[in-house]
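A.B. asks: no sequence for this one, just the structure:
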């Protein structure tokens, strides 16, 4: 629910000045922070004691190792999508879902590729 609120708030940030003061529509906003903590806490407790199969464990470790690189480059994907792929389009929940999905997949793909490249693996 908080993630849906965050997307709604970002789409309507121009028409909600009081809400923008209380919780900015950004990464440092209360809504994003609360959503991240809720997702982490719920996942941590739901998966407590779970042992994945060895192949799945290796995959999860690779994705975990890529998380910093995804943090580094996901905003570049979002900016490219906003200004070059979908310019002048009204932000909607469907469009935001498409953009965030493409940015997530693209960021993980770029990061996993960069982790296999000798010079780039030091950055990602």
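C.D. replies: Nice, I can see it. Here the structure is a predicted model, which means the values were calculated and not measured.

A.B. asks: rest of the way, CA atoms for contacts and neighbours
C.D. replies: Noted.

A.B. asks: How is this protein divided into domains?
C.D. replies: Taking automatic domain parsing as the domain assignment, the ranges for the chain are 1-50, 52-124.

A.B. asks: Save those domains as TSV, and put in mean neighbour count too.
C.D. replies: Shown next, in TSV, are the domains of the chain (neighbours: other C-alpha atoms under 10 Å):
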stretch	mean neighbour count
domain 1-50	13
domain 52-124	15
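
A.B. asks: Would you mind putting these into a markdown table with mean pLDDT alongside?
C.D. replies: Converted to a markdown table, these look like this (pLDDT from 0 to 100):
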| stretch | mean pLDDT |
| --- | --- |
| domain 1-50 | 85 |
| domain 52-124 | 93 |
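
A.B. asks: helix, strand or coil for the closest residue to residue 9 other than its chain neighbours?
C.D. replies: If the residues on either side of it in the chain are set aside, residue 9 comes closest to residue 25, at 6.2 Å by C-alpha to C-alpha, 6 or more residues apart in numbering. Per DSSP: H, G, I helix; E, B strand; the rest coil, the local secondary structure of residue 25 is coil.

A.B. asks: List the residues that contact the spatially most central residue of the chain.
C.D. replies: Centroid check for the chain by C-alpha atoms, centre = their mean gives residue 104 as the closest residue, at 6.2 Å. Residue 104 makes contact with 70, 74 under the criterion C-alpha atoms under 8 Å, 6 or more residues apart in numbering.
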